[in-house]
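A.B. asks: have a look at this fold, sequence not included:
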């Protein structure tokens, strides 16, 4: 048995628990359901989920054969019926009689032979296809006609996972190919990320089912692109049951976001503090500059400190060290009031200037009109 994948949660115990739960559910459901005339053996399905959709170059018709320790179909012991579809076109060089002789001589467990020409004509209706699908346990077909079969057989074969397995009838080892397919789990990679494989039967012993599941999981991991790196999960289920998880891949390390180191955090905090202090200093400098521009203080009497604040010389009534806090406040209030009065006076002056300009324009217009009238009157009198 192959080694378990690194950092995985797959173990035979988890598989055994899932199988026990499915069998208990099956037994409880059989008590509620009505008894059937024909006994039906149900399959155990292994659901494979990939991380990425397989490339277009991957064959979706040819099955990947995964060896199982306990074969699902054993025609010699369980009376399973197998059907073989042959290519009877002229180029193939095969006839139904020749195939029958070969099967009898080699003791191959094939119970039915269908020609490609008959499949086109006799099994065209849906009911005929459905009956054909239910009549046999497994289907085989000539390797050369596999691409033609999906359209001829229809969806029923795909739903019940009875897609014909390819057999190379040019070679003489027909029996070996058929026996190998009967003892294997068949993996058909679908167009999406999910695929299903039959790995056991309800009638089998629990230990046999568990061994088949573990072997199928490791066999699939060797076939799938990127192997364990391309697998997202494995789930087990019966035909109508819920899917029970058996294996779940860990998320990729690339998606993890690494935290900031402590030293980098300290540097970032220091840089933020420095930037904020510079912004505060700039704001203070701008405010003081605007105040001094509003007041009638000369630029020569103002000196800027390192903090960007201006100091007025004592000669122009500046603040000395001996001045009290109340005096400083009073002076500041007086400066603010004076500035506000100056702003109001400036606004009033601008309004007066605009009015004077408008009056002058109106007077010029009236004078021009009077001048034009006098000219017209003088021309008429002449």
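C.D. replies: That came through, no problem. From a predicted model like this one, the values you see are computed outputs, not experimental measurements.
A.B. asks: can you mark which positions in the one helix or strand residue 127 maps to are buried?
C.D. replies: Using DSSP states H and E, residue 127 sits in helix 126-135. Judged by neighbour count using 16 or more other C-beta atoms under 10 Å, the buried positions of helix 126-135 are 129, 132-133. Where C-beta positions appear, they are placed from N, C-alpha and C, glycine not excepted.
A.B. asks: show me where the chain has its strands.
C.D. replies: Counting by DSSP state E, the chain has these strands, from start to end: 43-50, 64-67, 82-86, 112-115, 138-142, 165-167, 184-187, 194-201, 231-237, 244-248, 302-304, 310-312.
A.B. asks: if we can go back for a sec, can you spell out which helices and strands pack onto the helix holding residue 127?
C.D. replies: helix 155-159 (3 or more C-beta pairs under 8 Å, 6 or more residues apart in numbering; DSSP states H and E).
A.B. asks: touching the helix it packs on from outside, list them.
C.D. replies: 126, 129-130, 133, 139, 150, 163-164 (C-beta atoms under 8 Å, 6 or more residues apart in numbering).
A.B. asks: hmm, back to that, closest one of the buried residues of helix 126-135 to residue 358?
C.D. replies: The shortest gap between residue 358 and any of the buried residues of helix 126-135 belongs to residue 129, at 98.3 Å (C-beta to C-beta).
A.B. asks: would you mind measuring the gap between the ends of stretch 230-241?
C.D. replies: 26 Å (C-alpha to C-alpha, to the nearest Å).
A.B. asks: in it, what counts as buried?
C.D. replies: Buried residues in stretch 230-241, counted by 16+ other C-beta under 10 Å: 231, 233-238, 241.
A.B. asks: picking up where we left off before, present the buried residues of helix 126-135 as JSON lines; the columns should include pLDDT and distance to residue 120.
C.D. replies: Listed next are these as JSON lines, based on pLDDT from 0 to 100; distance: C-beta to C-beta, whole Å:
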{"residue": "129", "pLDDT": "89", "distance to residue 120": "12"}
{"residue": "132", "pLDDT": "89", "distance to residue 120": "13"}
{"residue": "133", "pLDDT": "88", "distance to residue 120": "17"}
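A.B. asks: and of the contacts of helix 155-159, the nearest to residue 199?
C.D. replies: Of the contacts of helix 155-159, the one sitting nearest to residue 199 (C-beta to C-beta) turns out to be residue 163, at 16.4 Å.
A.B. asks: over to the closest one: give its phi and psi.
C.D. replies: With angles defined as degrees, to the nearest 10, residue 163 sits at phi -70, psi 130.
A.B. asks: dump the residue contacts of it.
C.D. replies: 61, 63, 139, 149, 153, 157, 186, 188.
A.B. asks: lowest-confidence one in the contacts of helix 155-159?
C.D. replies: Among the contacts of helix 155-159, residue 150 has the lowest pLDDT, at 83.
A.B. asks: about what we covered before: report the angle between the helix holding residue 127 and strand 138-142.
C.D. replies: Computed by axes from the mean of the first three to the mean of the last three C-alpha atoms, to 10 degrees, the angle separating helix 126-135 from strand 138-142 equals 110 degrees.
A.B. asks: show me the domain layout of this structure.
C.D. replies: The record's domain split for the chain, according to the TED database, is 11-27+40-58+189-251, 74-183.
A.B. asks: and of those, who's closest to residue 277?
C.D. replies: Closest approach to residue 277 among the domains of the chain (C-beta to C-beta): domain 11-27+40-58+189-251, 42.9 Å.
A.B. asks: let me see the mean pLDDT of the closest one.
C.D. replies: 87.
A.B. asks: what's the end-to-end length of it?
C.D. replies: Length of domain 11-27+40-58+189-251, first residue to last, C-alpha to C-alpha: 19 Å.
A.B. asks: now do the closest residue to residue 145 other than its chain neighbours against residue 149, distance only.
C.D. replies: Sequence neighbours aside, residue 87 is the residue nearest to residue 145 in space, at 4.8 Å (criterion: C-beta to C-beta, 6 or more residues apart in numbering). Distance of residue 87 to residue 149, computed by C-beta to C-beta, to the nearest Å: 11 Å.
A.B. asks: repeat for residue 243
C.D. replies: 29 Å.
A.B. asks: same question for residue 368.
C.D. replies: 103 Å.
A.B. asks: more neighbours: those two, which one.
C.D. replies: Taking neighbours as other C-beta atoms under 10 Å, residue 368 and residue 149 compare with residue 149 leading, 20 against 10.
A.B. asks: contact partners for residue 213?
C.D. replies: Applying C-beta under 8 Å, 6+ apart as the definition, the contact partners of residue 213 turn out to be 15, 19, 44, 46, 199-200, 236, 246.
A.B. asks: most neighbours among the residues you listed, please name it.
C.D. replies: Highest neighbour count within these: residue 200, with 27 neighbours (other C-beta under 10 Å).
A.B. asks: bridged to that residue, which residues?
C.D. replies: Taking DSSP bridges as the rule, residue 200 bridges to residue 44.
A.B. asks: isn't it right next to residue 211, touching?
C.D. replies: No. Look at residue 200 against residue 211 with C-beta atoms under 8 Å: they stay out of range, at 9.1 Å.
A.B. asks: which neighbours do those two have in common?
C.D. replies: By C-beta under 8 Å, 6+ apart, the residues touching both residue 200 and residue 211 are residue 70.
A.B. asks: which one is residue 227 nearest to, not counting chain neighbours?
C.D. replies: Using C-beta to C-beta, 6+ apart, the nearest residue to residue 227 is residue 221, at 5.4 Å.
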